[in-house]
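[1] model the following, please.
(chains A and B)
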Amino acid sequence: MPGPLVILYIFLGTTIVLLLAILARPSVTITRGGKILAFMGFFVLPVFCGLWGASEHFERSKQTSFCLSCHIMEPWGQSLHIDDANHIPAAHFQNHRIPTDEACYTCHTDYAMYGTIRVKLHGLKHVYMQYLGTPMNPIRLYEPFDNATCLHCHSGARSFENDVHLAMVDQLKSNQLSCISSGCHDVVHNVSTLNQFKPWSPKE
Amino acid sequence: MSLDKIGHPRLFRLSGILLVIGLLTEAISLRWVHPLAFMGFIIVGGAFLSAGVLLFLYSLVSFGPTPDSRDPGAN
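    So this is what the prediction gives:
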């Protein structure tokens, strides 16, 4: 069975052919059926294809390969593949604690109602800075990392519910204390030290 | 009752061309998983598609029935 992208391409091709046919013979729109066909070709199908295309692009923009397609992000991609169990992103990526095909998005979205829209707007800012402005050097987050992203998965998990975490859970939930603060889980995307570690790759 | 061709002919043709360009832009942009493909679709493809659809709708409302197409029994 063809995938969604193939079906979208079929719709795009059909719409283009229909438009060209009507443009070549506008007289078909004299009949009532021709008018309905023109309305389908000039309004219904293009709007449908446009919305489907936008949805497809938005889904793609969650992919790890999308984020790492910019040259400037290469070290951050490499930091997912180093052989160091203390390196938080690498440990999450290599142990499939996050979906590996949406690794960046999973940890760098916020899970609020408009979180996806906010990260897309940040993404547009990234693109603007990359091609029309001056990218940050070194790259850093716009805002401190939100503990809610960690707690979205870890809160309630058996491995999280130990005495250390439970003693500070209110501070963690209110972001008074960061999960990635010094002395806790503080080895996060340390791209300047990547060459000190062996690279890891899956065996299959 | 006779029927006219749909919309204003020139605007109708122009909207069709804009839509074809927009749809081709969309088809091309979907070949890559890259921020520029995303931006190309949103800015270029979106602009052509929106302009094409709006122009088509405008061509419908801006082109009234010609006198000879009116129902002779009316009025």
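
[2] which other helices and strands contact the least confident helix or strand in chain B by mean pLDDT?
    Lowest by mean pLDDT, DSSP states H and E among the helices and strands of chain B is helix B:35-39, with a mean of 90. Under the contact criterion of 3 or more CB pairs under 8 Å, 6 or more residues apart in numbering or on different chains; DSSP states H and E, helix B:35-39 touches helix A:45-60, helix A:115-131. Quick note: C-beta positions are derived from backbone N, CA and C, even for glycine.

[3] please see if the last one touches chain B.
    Going back to what we said before, that points to helix A:115-131. Yes - for a cut-off given as CB under 8 Å from any CB of the partner chain, helix A:115-131 has contacts with chain B, namely A:123-124, A:126-127, A:130-131.

[4] quick one: distance of that helix to the chain centre.
    11 Å (CA atoms, centre = their mean, to the nearest Å).

[5] ranking the helices and strands packed on helix B:35-39 by mean pLDDT, which is last?
    Note on those: lowest mean pLDDT is at helix A:115-131, with a mean of 82.

[6] got the buried residues for the longest helix along chain A?
    For chain A, the helix with the greatest residue count under DSSP state H is helix A:4-24. By neighbour count on 16 or more other CB atoms under 10 Å in any protein chain shown, the buried set for helix A:4-24 is A:8-9, A:11-12, A:15-16, A:18-19, A:22-23.

[7] and what of stretch A:181-197?
    A:187, A:189-190, A:194, A:197.

[8] what's the average pLDDT for it?
    pLDDT averaged over stretch A:181-197 gives 88.

[9] got the contact list for the residue nearest the centre of chain A?
    Geometric centre of chain A, nearest residue: A:Lys62, 2.1 Å, by CA atoms, centre = their mean. Counting by CB atoms under 8 Å, 6 or more residues apart in numbering or on different chains, A:Lys62 touches A:102, A:105.

[10] need the three-state assignment for it.
    Secondary structure, DSSP: H, G, I helix; E, B strand; the rest coil: A:Lys62 is coil.

[11] I'd like the distance between it and chain B.
    10 Å (CB to the nearest CB, to the nearest Å).

[12] now swap in A:Pro46 and tell me
    Per CB to the nearest CB, A:Pro46 is found 5 Å from chain B.

[13] which non-adjacent residue is nearest that residue?
    Residue nearest to A:Pro46 in three dimensions, not counting chain neighbours: B:Leu19, with 5.1 Å by CB to CB, 6 or more residues apart in numbering or on different chains.

[14] one more: A:Cys184?
    A:Ser178 is the one closest to A:Cys184 (CB to CB, 6+ apart), at 7.7 Å.

[15] wait, doesn't the one you found sit right on A:Ala148?
    No - with contact defined as CB atoms under 8 Å, A:Ser178 does not reach A:Ala148; the gap is 11.5 Å.

[16] stretch B:13-28: which residues count as buried?
    So, applying 16+ other CB under 10 Å, buried residues of stretch B:13-28: B:13-16, B:18-23, B:25-27.

[17] no further queries at this time; thank you.
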